[in-house]
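*Asks:* Quick one, what's the 3D model for this:
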Amino acid sequence: KEAYYFGSEQAPYKVAVMDYGAKTNILRSLSDRGLYLKVFPMTATAEEVLSFSPDGIMLSNGPLP
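*Replies:* Numbering: from 1, shown residues only. Okay, here's the model as predicted:
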């Protein structure tokens with residue numbers, strides 16, 4: 001329900017992840033490839049996501065409630 005960070009703050013790229021049921025292994029794989037992630041709940045607004053100033057935005061797979 002709350003946004004959280006995953007990976008190293010020193011990573012060269014920041015990616016916002018919209019969590020629709022993302023598995024931890026997906027987050028770990030992205031982090032291992034040099035990404036610092038902020039994982040947002042599916043209810044996050046565009047303003048909340050863009051305030052992170054991400055280099056990219058990923059929509060995770062998963063079922064919707």
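*Asks:* I'd like to know how far Thr45 sits from Ser60.
*Replies:* 17 Å (Cβ to Cβ, to the nearest Å). From N, CA and C alone the C-beta is placed, and that goes for glycine too.
*Asks:* Please say which of those two ends up with more neighbours.
*Replies:* Higher neighbour count among Thr45 and Ser60: Ser60, with 16 against 9, using other Cβ atoms under 10 Å.
*Asks:* Could you find the closest non-adjacent residue to that one?
*Replies:* Nearest residue to Ser60, sequence neighbours excluded (Cβ to Cβ, 6 or more residues apart in numbering): Ala22, at 3.5 Å.
*Asks:* Test my guess that Phe40 contacts Val15.
*Replies:* No - using Cβ atoms under 8 Å, Phe40 is not in contact with Val15, being 10.8 Å away.
*Asks:* partners of the residue nearest the centre of the chain in the sheet?
*Replies:* Using Cα atoms, centre = their mean, the residue of the chain that lies closest to the mean C-alpha position is Val17, 2.4 Å off. For Val17, the beta-bridge partners under DSSP bridges are Val39, Met58.
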